[in-house]
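*Asks:* Curious how this folds, go ahead:
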Amino acid sequence: MTTRDAVSVVIPAKDLAVAKSRLGLPDRDRRRIALQLVTTTVRAALDAASVGLVMVVTGDVRIAAETGRLGAVTVSEPPPGGLNQAARLGRRRALAMRPASPVAILVADLPRLEPHDLDAAVAQFRLLGQPMSVADHHGTGTTMLIHGPHDAPRITFGKGSAAAHVGAGFRPAGGSLAGLRADLDTPDDLVDAFGPRPRQLPLLRSGA
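*Replies:* The predicted structure follows:
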């Protein structure tokens, strides 16, 4: 794969003050979980053979510092924010930096993501030859969008986004892509990812 063919990955990340509020955890634990999710997602993207740029769009200075230290390009998100606004901003910046490369928008909360998950999705996108979306493990949300540099399909994360993105012209990805589909939004997702006692995991003892 040439440098030009490698994908630019844009990861919008909510401020730690509001991220993962649905988990029902104390603020300190919730912030640690949120930050660890972002850094886990960024590390996997940086290590994927199919990725040529990882860009994090965030208004949170700590997220920017941590992910910048890992090697991601960081872009400050001006308020008022929102996932779709951040994704569109990141797409514009990624195309400005690498105008001939495909762009992927990746959610920031993928605790099981591995580099091979991204490489498999990118390979599938190349075979399809058209914009592609990856639905979450519930089948209703979206964890990744990917399209060519000359496409600009509508980005519409939020409730029912899997169907909305298909309606916007993205073709649904096939296959398991397990680590790419397993986002973490609810207490049940937390248990699925880490077991029934998440507050006692090394994740939270790491000091992240």
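
*Asks:* Count the neighbours of H138 for me.
*Replies:* 13 (other Cβ atoms under 10 Å). The C-beta positions use only the backbone N, C-alpha and C, and glycine is treated the same way.

*Asks:* before we move on, what about G179?
*Replies:* Using other Cβ under 10 Å, G179 is surrounded by 18 other residues.

*Asks:* now it: how far from G148?
*Replies:* Distance, G179 to G148, using Cβ to Cβ, to the nearest Å: 24 Å.

*Asks:* do the same with Q124
*Replies:* From Q124 to G148 the distance is 14 Å (Cβ to Cβ).

*Asks:* got it, and A100?
*Replies:* The separation that A100 has from G148, given Cβ to Cβ, amounts to 10 Å.

*Asks:* okay, those two: which has more neighbours?
*Replies:* More neighbours surround G148 than the other of A100 and G148, with 15 against 12 (other Cβ under 10 Å).

*Asks:* Pretty sure that one sits against P102.
*Replies:* Yes. The criterion here is Cβ atoms under 8 Å, and G148 meets it with P102 at 5.3 Å.

*Asks:* Quick one: end-to-end distance for stretch 73-92.
*Replies:* 14 Å (Cα to Cα, to the nearest Å).

*Asks:* if I read this right, H137 contacts D185, doesn't it?
*Replies:* No. With contacts defined as Cβ under 8 Å, H137 does not count as touching D185, sitting 10.2 Å away.
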